[in-house]
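Visitor: Quick one: sequence and predicted model below, then my questions.
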Amino acid sequence: MKKRDIFTPIGITVGFMMIMFGIVSSGGMGGFVGFIHGSSVLIVLGGLVAALLVNFNIKQIKTTKDVLQETFRRNDHDLAELITLFERLSERARREGLLALENELEEVEDPFIKKGVLLAIDGIEPEVINDIMNAEIDAMEDRHYRGRLIIEKAGEYAPAWGMIGTLIGLILMLQNLQDPETLGPSMAVSLITTFYGSVLANLVFLPMAGKLEEKTNEEVFIKQVIIEGVIGVQSGQNPRILNEKLSAFLSDKVKNKKEDVEELVEESFNEA
Amino acid sequence: MKKRDIFTPIGITVGFMMIMFGIVSSGGMGGFVGFIHGSSVLIVLGGLVAALLVNFNIKQIKTTKDVLQETFRRNDHDLAELITLFERLSERARREGLLALENELEEVEDPFIKKGVLLAIDGIEPEVINDIMNAEIDAMEDRHYRGRLIIEKAGEYAPAWGMIGTLIGLILMLQNLQDPETLGPSMAVSLITTFYGSVLANLVFLPMAGKLEEKTNEEVFIKQVIIEGVIGVQSGQNPRILNEKLSAFLSDKVKNKKEDVEELVEESFNEA
Amino acid sequence: MKKRDIFTPIGITVGFMMIMFGIVSSGGMGGFVGFIHGSSVLIVLGGLVAALLVNFNIKQIKTTKDVLQETFRRNDHDLAELITLFERLSERARREGLLALENELEEVEDPFIKKGVLLAIDGIEPEVINDIMNAEIDAMEDRHYRGRLIIEKAGEYAPAWGMIGTLIGLILMLQNLQDPETLGPSMAVSLITTFYGSVLANLVFLPMAGKLEEKTNEEVFIKQVIIEGVIGVQSGQNPRILNEKLSAFLSDKVKNKKEDVEELVEESFNEA
Amino acid sequence: MKKRDIFTPIGITVGFMMIMFGIVSSGGMGGFVGFIHGSSVLIVLGGLVAALLVNFNIKQIKTTKDVLQETFRRNDHDLAELITLFERLSERARREGLLALENELEEVEDPFIKKGVLLAIDGIEPEVINDIMNAEIDAMEDRHYRGRLIIEKAGEYAPAWGMIGTLIGLILMLQNLQDPETLGPSMAVSLITTFYGSVLANLVFLPMAGKLEEKTNEEVFIKQVIIEGVIGVQSGQNPRILNEKLSAFLSDKVKNKKEDVEELVEESFNEA
Amino acid sequence: MKKRDIFTPIGITVGFMMIMFGIVSSGGMGGFVGFIHGSSVLIVLGGLVAALLVNFNIKQIKTTKDVLQETFRRNDHDLAELITLFERLSERARREGLLALENELEEVEDPFIKKGVLLAIDGIEPEVINDIMNAEIDAMEDRHYRGRLIIEKAGEYAPAWGMIGTLIGLILMLQNLQDPETLGPSMAVSLITTFYGSVLANLVFLPMAGKLEEKTNEEVFIKQVIIEGVIGVQSGQNPRILNEKLSAFLSDKVKNKKEDVEELVEESFNEA
């Protein structure tokens, strides 16, 4: 269910284009050369990696690559498909009993749905299923938080090391003021690390950490729909009602989400 | 029930007038020209949008326009009308029973009131109604928070990209110090992005995020009055008492709100 | 029970005297003139007001005047008088029953005491009285918080607009560097808005918001004594014991408050 | 039980020695004179006091002296003595009953122990004693917090007023740039207030607020040992067991504290 | 179970190499000399120590050395070994009863496991064991927090004292502007303390505090596995099931941890 989240690369590309545009528009193509400075890149990235090596243990640092890639993926949960699935499960459970669902599970890929339905088949009580599955959501949130923390810390250390690089440049420059000709270019070079640090923080690390948080919130939302569905199936809810109940999460989600749910609650009350 | 909140455009206009005044008062009309700088606008806004594209998923970014427009609307809840409505509902419910309220509902537009009354008609217990409606309030607060977050983040990225623009300008300027004549104007241009970033943050994004929070708080307040009203109607409270009870929220709200409520509580105790 | 809190005007006066002293001591009386700059005042105050207009709705902005005045008032609760009152109420309640307190209430001005005693007369149970009155305290804290928020935000926007003013001045100055003579004075003028913003934040808005928080805490404290008193009266506590119990809040409050209370608790246990 | 905490004056002395060393090492004894600047002291301290006068009410400001002195005192709780006391109380209580403890109390100075034992003598139930004494701990924490707040706010206002002083100096200097000779010394003087503000915050106020927090935590710890002791005495615990149980808090506290406690728990289980 | 955490020294070494590289690449080996400045080291470290002496009491400061060393150690918990241990204990407990475990304990070094098993042998109820052991975890977290706090505060005071050193240098330099030749070198020296403070904070103290937090979280994780194991042993769980249950924590921990646990939960349900 994962697709590419093209807005992460688009955003980063747009950001770099803005920077390039800013440079070229007032400095010409020639000015651009002055912004590529190998040793400055090394200081900021090297210092950043050094700080992260001290800050995190090796197991977590190894996860960084996955965490970064995660910001380029979209969790495109097909809620409509999910609802159809639960409607089918609900129908079959009412006709043939909960045990009949075991066959249906073979086609289900999502491990979270699988577990939920297995718990339902085992006859675990709804509150217990709710507790177990919510505990899993909590664990996922905790795991995601620890991954995101590395990116957030990178967003803090990047500007700090940018400033350290600038201080090194300034101190060196001030120690050798004999030639006023070189003053400007030296200061320009000093500032480049601050520039790198700011761009890394405000275009890459902090926005990526933000997206990771967004994705976690979305994942939590979809998993809560699944819990709702599993419990609906187990309690033998009418497939049509279950469909409508879960559809409330689907249609016009942002605006009318809750309202629809409530209407359905009423309908189900009326039916009962 | 939504009107224009003219204080948002007034505030922004006043802010821009202050800036113009500040420029013209010491720089004359000529100075004003120097503050309009297309490529600086592009860097700050472009960088800001780039960071938001990385930070949020596309579904949320699409809501930005609505969220911004929301700051120009006033939720002018007519509490007096609301109270009259609940008084009428209460009277009819006592005379003809709760079921008779279904006809009244046709004239009610607010979906939150509608749902509350429908729940009351269905004979759901007061505590359950309270729980369901409060859950809806929680969901609304959460939804509003996620919309507001985009504006808040914009208020963080705007000054950061202002600084990135200034760094670009400074580095370019320092690389070419040959002509001392151009030093001043170059630095002036560099600072313009910082200026744009500060104004965007402190006149537009941060105050707008503040207003959105205020509006959410108000909405919560009005919805709690509605809950109070619905439960009053269902429990067959005397229409006059209900009117007075809800009026307490209305008159001199800021200062005496709670006190009045308490007095009414006592009255109702005495009556009982 | 409100008197003037002379320390707010004294503090602000001392602060301005320090500033004046700082200016005159190194710049002479002449230097003082340079610090009064009409258009700078306008930019900082105007920008501040503009940001607040966007940030708050009109109802809240209207409360600003009251909120500011509140920092010049002292809540001089006469705890001794309060204790005498509750002792008298307790005596009468034991002699003539709770209903007899209704006559006493005519002399009581504080609406919070009035309500508490009325609830006691109505025979509401102590836990319920405690809940109702604590709910009122919560509502008061919330109301005070919203008023204080405007002052706190003003303390955030003031330095921000000071910086915006300085940026305007710097940009204008840098655009016209022909005459090195005017460089100094121009920069001096630019910095004045930053100076205004800092003084407004660190002498006026932030300390005032601090005092408002202090006052809210005090108000909560006194209201909790009242709750204690009301419940003591209703439960027919011995007037002497109630006096001593409440006196514990009075004498040497800061240091021995709780200790004394505990001693009294023991005494009352011994008596029982 | 209070002794002088010599590390507070030592720390402050070391800090000032470092500053003096820094000045003399590069500026000679002559440079030192330039750092003593009466009117700068007045601006920073005066502005700080002004802000605190607006921020706090007079009752709290009066406590500042005590609060500051508190950072020079060490709470040297003699845990060994405390344990011997509770062992003795426990023995006597088992031999002669709880009432016999009243004579022992004459020698006890600590009001918290006294109260605890009195509650035990009065036959209050352990859970209630626990609640009452913990409520007292909460009240102490709250009281300490309010005292510490003044020092923390001083640590915020000091650098702010240092900056205000520097702005005053800079503006005055820039208004009179005729004589380039005086430029350096004028700027030097301007920076002195920023220097004062930073030293006050980072050597005096913020570290002192930190120590006050530490002391509060320690006080809470010792009071919890006392609660443990009181409840042990009341429940007629074996004096040897109680001694060992409380000793666990004593020996190698930082490292093995909890572990030992657990071992004793097991012993007591075995005994039982 | 503690090994060296080589990534802490590697990180610090990499950081210093980056700094050296940055200096040498633009300043040559000669520039390097200018960055070693004895009195600047003294001001920053001395001021830092001074602030910590005021901020913490002597008992805590004594723990600093241990706390720092802790960042160079790796808690290499051998989960596989832990699981084998609990499997063996579980088997023996089922065959010979819980009392037989006492002999096994002689080989166990970890005091936390020992205590847990002793509690199980004593027949304490599972919920109580859970409470006691979780209380120990809480105490450990609290103890670790207080140790970490010193490092965190060092990370705050280091840049502050760097700035104080720079202010001293700037003020001295500005007081003696006669010789423009020395202007550059003097400013270079002033900036060195800021440089030291930034490096100490962003390469040493803040990342170390981060690692200490990571280690605490890991320790909590492993201790929770132990609690799970102890309770499994006591409740006479099937050794194979217990093995699989605990293995879930082991394999592919980061990604599949919870999922596996759930699968095992189901298996155990099916078995039952």
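Guide: Okay, I see it. Numbers count the residues shown, from 1 in each chain, chains lettered A, B, ... in the order given.
Visitor: Please count neighbours and contacts with C-alpha atoms only from this point.
Guide: Noted.
Visitor: residue ranges with poor pLDDT in the stretch 151-272 of chain A?
Guide: A:248-272 (pLDDT under 70).
Visitor: mind listing what the residue in it that chain D sits nearest to touches?
Guide: Closest approach of the stretch 151-272 of chain A to chain D (C-alpha to the nearest C-alpha) occurs at residue A:175, with a separation of 15.9 Å. For residue A:175, the set of contacting residues under the criterion of C-alpha atoms under 8 Å, 6 or more residues apart in numbering or on different chains consists of E:34, E:184, E:185, E:188.
Visitor: In those, which residue is surrounded by the most others?
Guide: Neighbour counts for these were taken using other C-alpha atoms under 10 Å in any protein chain shown; the highest belongs to residue E:188, which has 25 neighbours.
Visitor: Give me the secondary structure label for the closest residue to that one other than its chain neighbours.
Guide: Spatial nearest neighbour of residue E:188, chain neighbours left out: residue A:171 (4.6 Å); criterion: C-alpha to C-alpha, 6 or more residues apart in numbering or on different chains. When the structure is split into helix, strand and coil by DSSP: H, G, I helix; E, B strand; the rest coil, residue A:171 lands in helix.
Visitor: Am I right that residue A:171 is in contact with residue E:192?
Guide: Yes. At 7.2 Å, residue A:171 and residue E:192 qualify as touching, with contact defined as C-alpha atoms under 8 Å.
Visitor: which ones are touching the closest residue in space to residue A:120 that isn't next to it in sequence?
Guide: Here the nearest residue to residue A:120 in space, its sequence neighbours aside, is residue A:234; by C-alpha to C-alpha, 6+ apart that works out to 5.7 Å. When the contact criterion is C-alpha under 8 Å, 6+ apart, the partners of residue A:234 are A:90, A:93, A:98, A:120, A:121, A:126.
Visitor: which among those residues end up buried?
Guide: Neighbour counting over the contacts of residue A:234 (16 or more other C-alpha atoms under 10 Å in any protein chain shown) leaves A:90, A:93, A:98, A:120, A:121, A:126 as the buried ones.
Visitor: Quickly find the element holding the fourth one.
Guide: Translated: residue A:120. Residue A:120 is located in helix A:111-121, with elements delineated by DSSP states H and E.
Visitor: Buried ones in that helix, by neighbour count?
Guide: Along helix A:111-121, the positions that meet the burial threshold by neighbour count (16+ other C-alpha under 10 Å) are A:112, A:113, A:114, A:115, A:116, A:117, A:118, A:119, A:120, A:121.
Visitor: Can you lay out those residues as JSON lines showing pLDDT?
Guide: Supplementary listing: the buried residues of helix A:111-121 in JSON lines, determined by pLDDT from 0 to 100:
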{"residue": "A:112", "pLDDT": "89"}
{"residue": "A:113", "pLDDT": "91"}
{"residue": "A:114", "pLDDT": "90"}
{"residue": "A:115", "pLDDT": "87"}
{"residue": "A:116", "pLDDT": "89"}
{"residue": "A:117", "pLDDT": "91"}
{"residue": "A:118", "pLDDT": "89"}
{"residue": "A:119", "pLDDT": "87"}
{"residue": "A:120", "pLDDT": "88"}
{"residue": "A:121", "pLDDT": "88"}
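Visitor: which of those lies closest to residue D:75?
Guide: Distance ranking of those against residue D:75, using C-alpha to C-alpha, places residue A:112 first at 54.9 Å.
Visitor: how close does that closest one get to chain D?
Guide: Noted for residue A:112: a distance of 39 Å to chain D, by C-alpha to the nearest C-alpha, to the nearest Å.
Visitor: repeat for residue A:15
Guide: Counting by C-alpha to the nearest C-alpha, the gap from residue A:15 to chain D is 35 Å.
Visitor: show me the contacts for that residue.
Guide: Contacts here follow C-alpha under 8 Å, 6+ apart; on that basis residue A:15 touches A:203, B:46, B:47, B:50, B:51.
Visitor: among those residues, which are in reach of chain E?
Guide: Restricting these to those within reach of chain E (C-alpha under 8 Å from any C-alpha of the partner chain) leaves nothing.
Visitor: Would you mind putting the residues you listed into TSV with neighbour count, secondary structure and distance to chain D alongside?
Guide: As requested, the contacts of residue A:15 are arranged in TSV below (neighbours: other C-alpha atoms under 10 Å in any protein chain shown; DSSP: H, G, I helix; E, B strand; the rest coil; distance: C-alpha to the nearest C-alpha, whole Å):
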residue	neighbour count	secondary structure	distance to chain D
A:203	29	helix	31
B:46	22	helix	34
B:47	30	helix	32
B:50	28	helix	35
B:51	29	helix	32
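Visitor: Tell me which two of the residues you listed sit farthest apart.
Guide: Considering C-alpha to C-alpha, no two members of those lie farther apart than A:203 and B:46, which are separated by 11.1 Å.
Visitor: ok, back up a step: of all the contacts of residue A:175, which comes closest to residue B:134?
Guide: The closest of the contacts of residue A:175 to residue B:134 turns out to be residue E:188 (C-alpha to C-alpha; 62.0 Å).
Visitor: Which strand or helix spans that closest one?
Guide: Counting by DSSP H and E, the secondary-structure element that holds residue E:188 is helix E:180-199.
Visitor: Show me which residues of the helix or strand that that helix is followed by are buried.
Guide: Towards the C-terminus, the helix or strand next in line after helix E:180-199, according to DSSP H and E, is helix E:206-234. With burial defined by 16+ other C-alpha under 10 Å, the residues of helix E:206-234 counted as buried are E:206-216, E:219-220, E:222-234.
Visitor: do the same with stretch A:144-155
Guide: By 16+ other C-alpha under 10 Å, the buried positions in stretch A:144-155 come out as A:144, A:145, A:146, A:147, A:148, A:150, A:151, A:152, A:153, A:154, A:155.
Visitor: Quick check: of those residues, which lies closest to residue E:107?
Guide: Distance to residue E:107 across the buried residues of stretch A:144-155 (C-alpha to C-alpha) is lowest for residue A:146, with 34.9 Å.
Visitor: any idea how far the closest residue to residue A:177 other than its chain neighbours is from chain C?
Guide: With C-alpha to C-alpha, 6+ apart as the measure, residue E:184 is the residue that lies nearest to residue A:177, at 6.1 Å, once sequence neighbours are left out. When distances are taken as C-alpha to the nearest C-alpha, residue E:184 and chain C turn out to be 23 Å apart.
Visitor: And residue A:176, by the same measure?
Guide: For residue A:176 relative to chain C (C-alpha to the nearest C-alpha), the value is 27 Å.
Visitor: Out of the contacts of residue A:175, the closest to chain C would be?
Guide: residue E:184 (22.5 Å).
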